[in-house]
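Chemist: Just a sequence and a predicted model for now, questions to come.
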4 protein chains.
Amino acid sequence: MELLVRYLDRSNSICSVSTQDIIKEDTLRDDLKYYFMSPCEKYRARGQKPWKLVVQILKIVMITTQLILFGLNNQLVVSYKEENMMALKNLFLKDYSGVDEDDYSVAVYNQQQVYDSLFFVLDQYSQLGRLSVGPISYAEDEEGKLLPLILCKEYYKRGTLDPSDEAFDIDSELETVCMSHDPKTANQWKTQNSSFFDLDFYRLVDIRATFQLKGINLQTVRSRELPDCYSFYVTITFDNQCHSGKVKIFLDIDVQSCACRDWKISGTAQKNTHYLLVFDAFVILVCLTSAVLCTRSIVLAVRLLQRFSRVFHENYNHKVCENDQKEFLNGWYVLVIVSDLLAIVGSILKMEIQAKSLTSYDVCSIFLGTSTLLVWAGVIRYLEYFQKYNVLILTMTAAFPKVLRFCCCAGMIYLGYTFCGWIVLGPYHEKSFQKNGFPLTDLQKFLREQKDVPVSEESSQTDVHVQNSAFCCCRRVPEGDDVVLIS
Amino acid sequence: MELLVRYLDRSNSICSVSTQDIIKEDTLRDDLKYYFMSPCEKYRARGQKPWKLVVQILKIVMITTQLILFGLNNQLVVSYKEENMMALKNLFLKDYSGVDEDDYSVAVYNQQQVYDSLFFVLDQYSQLGRLSVGPISYAEDEEGKLLPLILCKEYYKRGTLDPSDEAFDIDSELETVCMSHDPKTANQWKTQNSSFFDLDFYRLVDIRATFQLKGINLQTVRSRELPDCYSFYVTITFDNQCHSGKVKIFLDIDVQSCACRDWKISGTAQKNTHYLLVFDAFVILVCLTSAVLCTRSIVLAVRLLQRFSRVFHENYNHKVCENDQKEFLNGWYVLVIVSDLLAIVGSILKMEIQAKSLTSYDVCSIFLGTSTLLVWAGVIRYLEYFQKYNVLILTMTAAFPKVLRFCCCAGMIYLGYTFCGWIVLGPYHEKSFQKNGFPLTDLQKFLREQKDVPVSEESSQTDVHVQNSAFCCCRRVPEGDDVVLIS
Amino acid sequence: MELLVRYLDRSNSICSVSTQDIIKEDTLRDDLKYYFMSPCEKYRARGQKPWKLVVQILKIVMITTQLILFGLNNQLVVSYKEENMMALKNLFLKDYSGVDEDDYSVAVYNQQQVYDSLFFVLDQYSQLGRLSVGPISYAEDEEGKLLPLILCKEYYKRGTLDPSDEAFDIDSELETVCMSHDPKTANQWKTQNSSFFDLDFYRLVDIRATFQLKGINLQTVRSRELPDCYSFYVTITFDNQCHSGKVKIFLDIDVQSCACRDWKISGTAQKNTHYLLVFDAFVILVCLTSAVLCTRSIVLAVRLLQRFSRVFHENYNHKVCENDQKEFLNGWYVLVIVSDLLAIVGSILKMEIQAKSLTSYDVCSIFLGTSTLLVWAGVIRYLEYFQKYNVLILTMTAAFPKVLRFCCCAGMIYLGYTFCGWIVLGPYHEKSFQKNGFPLTDLQKFLREQKDVPVSEESSQTDVHVQNSAFCCCRRVPEGDDVVLIS
Amino acid sequence: MELLVRYLDRSNSICSVSTQDIIKEDTLRDDLKYYFMSPCEKYRARGQKPWKLVVQILKIVMITTQLILFGLNNQLVVSYKEENMMALKNLFLKDYSGVDEDDYSVAVYNQQQVYDSLFFVLDQYSQLGRLSVGPISYAEDEEGKLLPLILCKEYYKRGTLDPSDEAFDIDSELETVCMSHDPKTANQWKTQNSSFFDLDFYRLVDIRATFQLKGINLQTVRSRELPDCYSFYVTITFDNQCHSGKVKIFLDIDVQSCACRDWKISGTAQKNTHYLLVFDAFVILVCLTSAVLCTRSIVLAVRLLQRFSRVFHENYNHKVCENDQKEFLNGWYVLVIVSDLLAIVGSILKMEIQAKSLTSYDVCSIFLGTSTLLVWAGVIRYLEYFQKYNVLILTMTAAFPKVLRFCCCAGMIYLGYTFCGWIVLGPYHEKSFQKNGFPLTDLQKFLREQKDVPVSEESSQTDVHVQNSAFCCCRRVPEGDDVVLIS
């Protein structure tokens, strides 16, 4: 850097070079000076209009607008999912208080409550049509037959426990028995399969009710968009694997959206969507322009660097040191180009989503969000042109490594303390550690999930009702390895 | 500033000017010195009593007293409204827990609950007289006929949904059917209009019960003021526009107060109010005095500035620079005058309110509150006369722009981060963002409101029961465009 | 100070004074030096044992021990009161949730609930003996007759309201009707006095049930102290003065403890108490010693100052300046003496309480607490003798006024902001301001209290059941002015 | 230190010593320099591989892994205990809300509730087998007879209270009556022992139901470990010792785990455990190596110090000052050795636990946790070798005493303030002080416990059902001194 500065200022002190060289050097010096100017100075120096700056400002406005529009739309989808989740919990879980107790929704502590909760699920499911307020119904297979509710119970294959005697004889292998029924006749199950519902709590590991519902998100009609169709894969788990006298009831939903297969809508001109597509296209255009302009600048910079190093080498027989070379590669330009590319990809995804040919809101969110973050961070770059802000930024830049180093040192002690605290104190204040985000609950969830995995892997086994579910948005129907089907 | 200071101190070094000029200059110099003195120094120098200071202190005391008196009064009115809100929620919402669940009061999840909640409203309304503890009753029209309860349901004009088949056929136009009944016979509605209450939840967007109640705020009698009469425009909304299986029930009240039409009160001498009016008048007087004194000071300052610049121009052929001119315009005086004007307007409004010819507590609050804030901020001005405080204030003044600049820079990154976080993470932690005040809920409310607007706009349509409500404190009764009246 | 220091160091530079004077001055100088020494240095210089220091350390230990003992005892009494409060709320308030809703315990919103809650109080009161778990029973008058429950309702003397017509005709004077009954026959009230229980909610201001219960705090028996007898003056208020449709139910208890009149206790040797009395006496002794020692030091200091100023005046014809005089008056000694006096008074009170001749725990708490605070603050004095701590303390002392000044300046703006915020924003976020401790609720309480005052003042009126309550721990039984007694 | 440094640098300035001495000194100087080098420099200087460093890094990784593995296991055990606690509370406490109210679980306020809660315990206990979801059952004695439930009530021996008369006659001695029954016939108790259940609340101090349950923690089967057997000593206390009208119900569990006596398990290869044992053994090996290496370094350092001081004494006739001697004793080595020893002990304990020959998870936790903390703290040592971190650490080291001193000074004032605040304000805001962790609740608990102590001490008295419980994991069954057995 110093060398570069000295070079730029040395114009008067050189005299022993040939005139042509001097001219060449002077132009180089002028070009260099010009290159390191701010947009304002460039305008004053050579009258060049700050197109790049204008494009950037335009881009900030447009990308932010686009992000907000997309975010509001996304919000609707997410709230639809969450409210459905709440509605299903209220419909299927007995004595659900409206708030999850912990990571589970309800906990029951005696046998009668387990039976009641289980039969409540079946009863509610069988009369879903008369209960639900929303446009939700049983899923059908391709032939129009209703998909059944599948009820599985998992237990230790063999086992006699006698806690009083401190004696047990157990086979740690798990056995799964499933039952699959037509939704509408669920009432008759209890009487027909009384043997299935004769639970042996000593051996029971869990009961799992899985069924599939279909819903239509009508609310988008009002914002003049096409409604989406949704598949809800509901799993209600009665978890007794702890055998601690507390059966936790989980209700998990996996929601997948897809375009509806057969629709007819009247009364709305879909102008709104067209405007949005045009807007998105314009965003892409602006981003392309910005990317092109920045690429051009980088190319120019590289050429200038080559010229400079050649001259430098010829005249002074010096190699341009690495630091000076770095000065030519403007990191901001790279940032801008990256954010442009992200924005373009995001916009294309958004257009696809709007056209209902894609439903991957999440991926699009990440692209648009990251690009917006980078664009706003890029604003700081323009602040650098103001003297006072520059001081601020330089100070922050200088202080950063020291802060980092301190954090690193403190982090080391903290890590040791955390491990020690977790193991020594943790178990006795379990809740507080779970609240503080220590990865225990995640791990417990993981363990629970892991249990699910083999079951779902084995769902590749062909079976009657597994094949049934293989349409629209395909998905696993869990099923054990030692499955005994009663139907 | 420097120039001015130098001028004031240069008394000895000038000798080459004529005697008259010297005298003239000396008086000017004395006047200038005197002008920049603090009240204390002025008193010591020329024995001038600090009237302005006395008036300011008196003003602080009086305005604060007035504000507290008004605030306590206002508090009574607000708490009356809020307690009525609570009472109505407890009366009309089934299973209301005493606390709103979110922005809605109650959420119901199955069809029976919707019917129950709806009929509960009707039942409770029909027997309001026997239920309510407060002096509240049905509103009457001008002929003494009770205003009816209006029940509207809004639904998609035509629609068949078959979620199982992922198929729908819908007309996105909304249709509104209303029903209007006499309060006292609400019990018979259910049987008479069974077709209305046969809700098709797939198409239903919302149900809206609107009625008007009248109340009298008696509690003011005890603080020796006249009671106000209130109109409560109650709207109970069953919101199913999300079609997510969760029907949210809102109870919104629009409260308007007006003077009662026909009243007779005995047993209280209304002396208290008279004293208050006198006090308010005195506040206005003090504020006027203060404003006049400050205006005089500003006028004097301007004249002094003119004299000074004339002399300066004549003797030294210099123009007084802008900074020195600014020294003459005392910002504090402007502040005082503004606060005085605000206080005067506020006091007049307060007197009107006390005399029951106005009920706009809010506007008056803003005037009085702002004036008090300015008056208290003005106290800092007198602190400036003490050396040590001055240092403090000067430091703060100097540091302010730098702090601002830092905030601006940090804000930029924060904005980008917020947008990114909202879009990428937000949907999955919706609640937390709503809690942190991100404008989502406001926007959702806005969207909900927007839906209300056309309905209320169309209330300009003349209709029997709309005309009925056009008295005392007039207000809209919502009504749909495709209204089919059943009565 | 400087003068003093210079004086102490000038020993060598003086030569022109007579020998006797020199000797006199030298002793003075030695005495002065000795006076300003720390205990350690004193011990090294003249071998004086640091008795004062020893006494202070002993005092800290003893006073803290005494405070903890008293505090634990006090805690028992307070928790007894609080638990009784809770028990009475659970016994007498219908649907009490266990936590007060706001400053009131329960709120009811319809007429039936008011009647139910009112009759619940009467029913529960009439069968108190069969309900309560604790040793609590109806209070008796001197002749052994049970004190009655008094039920008063307060209403506007005359009033017809017609909210529909926005018309009212009201007499703002309040009328109170009371009823007083024997506890055991409360069941028959409802039928016998149906006219009293025919509440006209439009006019009703409040209903107030007052009764007196007696209890014995047996738990102290277990800590080998004599049980106290308690009188509970219970007031249950149904507050409708807002006429907002919300009737707030308050339950206030005034608890007074007194020695039981007739007791016999066996099985416990009351040694414990005797030891405690001896301990208290020893505390008093130590405090007296400490006070005497400090007083002696002050007296010595004053004498030394007189000697010094005489010598100074004679030899140098200078007056000792005020700052130097201040150096002689050791503020710490004053602090110690004050804390000693407080501790002595507190200990005497504590002994009286232990001997059951006093029950004023509060006053004793304040004395003992303040003295302990001062004693601990006094420890800082000894830290001053260590060089490094001294720097700390001096810095803090120096910074204090500046901090104070800043707070004063900021406080001014804050005050203005608070007033403005309260009046402009406050009413619409009432709760948040109440939570932040703004004096609104206090004021509302005050207003409520004020309403109580005339009623209780008028209880000086002689009446049958008022005279009855005039024994043991006398106290008001509220009664209105326009009382119409039905019994 | 300075001396040492000077010594190391003085190589050139000495000339007047014999050649052999010079050589000897030079080697010493080299050795010293080498000793104070960092691992990197050592490698560069003499090519010594940094074995110690490698061992340390390996140790960190292994100990942390081991800790996490153990912690997860421990977590399972603790959560098993906690969930059982919750399950028992839900089974045996009537109207248990799922959250403890304070330190007690439920509070009841009237006599009927006390009876109901008491009979609820008995009823639930008698039908435990049909209720509980987990593998839990009544404990048996050695002969296979079920252990009885023991119900004790404690009351004042003699006592007549008349709160109305402020009179009482009480014997402060406590009497305990116990009843012990077979679990399965608990229903018949109420009728058979109606006299026992005729509680005299005035005299009653507490009722205590104690019983013993056995459970098996099956969940460990799934993580391929042997299940543990557990004994639950349940005590349900109805605490009326306050006699404040509030009976607090506590449910305390003492859980003890032991290896099951008679087990048979099939279907799982216990490979997992073997791998773990090998891993633990390897950890022990690494720690041993690390300890040996560090001990060697310390021994070398001591020898070097001896050589250095000898030479120093001979050549310069100086004694090596204490500070320089300290430089030779590397505190980090001591730290590493201590942590190694802890880790070794912890690992051995862990292996024992895994082999089910020990169940003291807590002791093992402390050993492993502390060793991990020390190991991580030891990482800082290696940061010292980097220049910049060193500055940081030195600064922190230097600032520490000053911070400590300030804290000490502030603590003094805080202590005084705390005592004063507790005694003066505390009682009136009891809850807030309890929340802030002031030792009141602990003390109250202590008092409650203390009451338990004599009871349990007296359980050394031989009695039929006490002997019964003396097997597997022995433990006290509380019993009063004046026990009257009804069975």
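Modeler: Yep, it's here. Note that the structure is a prediction, hence the values are computed from the model and not measured. Residues are numbered from 1 along each chain as shown, chains lettered A, B, ... in the order given.
Chemist: drop to CA atoms for contacts and neighbour counts, all remaining ones
Modeler: Fine.
Chemist: Would you mind listing where the stretch 201-350 of chain A has pLDDT under the threshold?
Modeler: A:224, A:267-273 (pLDDT under 70).
Chemist: Sketch out the helices for it, chain order is fine.
Modeler: Remark: helices assigned in the stretch 201-350 of chain A by DSSP state H, counting those that start in this stretch are A:219-222, A:271-316, A:322-328, A:331-354.
Chemist: With mean neighbour count added, can I get these in TSV?
Modeler: Output for the helices of the stretch 201-350 of chain A, formatted as TSV (neighbours: other C-alpha atoms under 10 Å in any protein chain shown):
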stretch	mean neighbour count
helix A:219-222	18
helix A:271-316	16
helix A:322-328	14
helix A:331-354	20
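Chemist: among those, which is nearest chain C?
Modeler: helix A:219-222 (32.3 Å; C-alpha to the nearest C-alpha).
Chemist: Now look at that closest one and say if it contacts chain B.
Modeler: Yes. Contact of helix A:219-222 with chain B (C-alpha under 8 Å from any C-alpha of the partner chain) involves A:Gln219, A:Val221, A:Arg222.
Chemist: For the first one, give me its contacts.
Modeler: Which is A:Gln219. By C-alpha atoms under 8 Å, 6 or more residues apart in numbering or on different chains, the residues touching A:Gln219 are A:Pro227, B:Gln241, B:Cys242, B:His243.
Chemist: again with the second one
Modeler: For A:Val221, the residues meeting the contact criterion (C-alpha under 8 Å, 6+ apart) are A:Pro227, B:Ser172.
Chemist: which residues sit in contact with the closest residue to chain C within the stretch 101-250 of chain A?
Modeler: Chain C sits closest to A:Glu101 of the stretch 101-250 of chain A, with a gap of 20.6 Å, by C-alpha to the nearest C-alpha. Counting by C-alpha under 8 Å, 6+ apart, A:Glu101 touches A:Ala107.
Chemist: ok so, going back, can I get the helices of the stretch 201-350 of chain A in JSON lines with distance to B:Val375?
Modeler: Below are the helices of the stretch 201-350 of chain A laid out as JSON lines (distance: least, C-alpha to C-alpha, whole Å):
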{"stretch": "helix A:219-222", "distance to B:Val375": "51"}
{"stretch": "helix A:271-316", "distance to B:Val375": "51"}
{"stretch": "helix A:322-328", "distance to B:Val375": "55"}
{"stretch": "helix A:331-354", "distance to B:Val375": "49"}
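Chemist: how about the residue lying closest to A:Glu166 once chain neighbours are set aside, phi and psi?
Modeler: The shortest distance from A:Glu166 to any non-neighbouring residue, by C-alpha to C-alpha, 6 or more residues apart in numbering or on different chains, is to D:Cys260 (5.1 Å). With angles defined as degrees, to the nearest 10, D:Cys260 sits at phi -70, psi 150.
Chemist: What's the local residue count around D:Cys260?
Modeler: Using other C-alpha atoms under 10 Å in any protein chain shown, D:Cys260 is surrounded by 20 other residues.
Chemist: That one is in contact with D:Cys229, isn't it?
Modeler: Yes. At 5.0 Å, D:Cys260 counts as touching D:Cys229 under the criterion of C-alpha atoms under 8 Å.
Chemist: Mind listing the shared neighbours of these two?
Modeler: By C-alpha under 8 Å, 6+ apart, the residues touching both D:Cys260 and D:Cys229 are A:Glu166.
Chemist: Downstream of the helix or strand containing A:Met85, the next helix or strand is which one?
Modeler: Applying DSSP states H and E as the criterion places A:Met85 in helix A:51-92. The helix or strand immediately downstream of helix A:51-92 is strand A:106-108, counting by DSSP H and E.
Chemist: How many residues are close by the residue of chain A found nearest chain C?
Modeler: Chain C sits closest to A:Ser97 of chain A, with a gap of 17.1 Å, by C-alpha to the nearest C-alpha. For A:Ser97, the neighbour count with other C-alpha under 10 Å is 12.
Chemist: got it, and A:Val403?
Modeler: A:Val403 has 12 nearby residues by other C-alpha under 10 Å.
Chemist: Tell me, please, where in the stretch 1-150 of chain A the pLDDT is lower than the cut-off.
Modeler: Using pLDDT under 70, the flagged stretches of the stretch 1-150 of chain A are A:1-18.
Chemist: same thing but at 50, please
Modeler: A:11-15 (pLDDT under 50).
Chemist: Near chain D, which residues of it are found?
Modeler: Counting by C-alpha under 8 Å from any C-alpha, the residues of the stretch 1-150 of chain A near chain D are A:Tyr109, A:Asn110, A:Gln111, A:Gln112.
Chemist: which residues sit in contact with the second one?
Modeler: Contact partners of A:Asn110, counting by C-alpha under 8 Å, 6+ apart, are A:Gly245, A:Lys246, D:Leu91, D:Leu131, D:Ser132, D:Val133.
Chemist: so what's the closest residue to A:Val334 other than its chain neighbours up against?
Modeler: When the adjacent residues along the chain are set aside, A:Val334 lies closest to A:Cys294, with 7.8 Å between them (C-alpha to C-alpha, 6+ apart). By C-alpha under 8 Å, 6+ apart, the residues touching A:Cys294 are A:Lys52, A:Tyr333, A:Val334, A:Val336, A:Ile337.
Chemist: between the residues of helix A:219-222 next to chain B, which is nearest chain B?
Modeler: Relative to chain B, and with distances defined as C-alpha to the nearest C-alpha, the nearest of the residues of helix A:219-222 next to chain B is A:Gln219, at 5.1 Å.
Chemist: related to what we said a few turns ago, tell me the contacts of the residue nearest to A:Glu166?
Modeler: A:Glu166, A:Ala167, D:Pro227, D:Asp228, D:Cys229.
Chemist: ok, now with 7 Å
Modeler: A:Glu166, A:Ala167, D:Asp228, D:Cys229 (C-alpha atoms under 7 Å, 6 or more residues apart in numbering or on different chains).
Chemist: Any chance of TSV for these, columns neighbour count?
Modeler: What follows is the contacts of D:Cys260, written out as TSV (neighbours: other C-alpha under 10 Å):
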residue	neighbour count
A:Glu166	23
A:Ala167	18
D:Asp228	21
D:Cys229	22
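Chemist: Among the residues you listed, which pair sits farthest apart?
Modeler: Greatest spacing in the contacts of D:Cys260, by C-alpha to C-alpha: A:Ala167 and D:Asp228 (10.3 Å).
Chemist: quick one: contacts of stretch A:335-343?
Modeler: A:Cys287, A:Leu288, A:Ala291, A:Cys294, A:Phe367, A:Leu368, A:Ser371, A:Leu374, A:Val375.
Chemist: did I read that right, A:Gly134 in a strand?
Modeler: No. Counting by DSSP: H, G, I helix; E, B strand; the rest coil, A:Gly134 is not part of a strand but coil.
Chemist: Distance of it relative to chain D?
Modeler: 32 Å (C-alpha to the nearest C-alpha, to the nearest Å).
Chemist: Double-check that residue against B:Ser244; I have them as touching.
Modeler: Yes. If you go by C-alpha atoms under 7 Å, A:Gly134 and B:Ser244 touch, sitting 5.2 Å apart.
Chemist: Can you classify the residue nearest in space to the middle of chain A by secondary structure?
Modeler: Central residue of chain A (C-alpha atoms, centre = their mean): A:Asp362, 5.3 Å from the mean position. Three-state call for A:Asp362 (three-state DSSP): helix.
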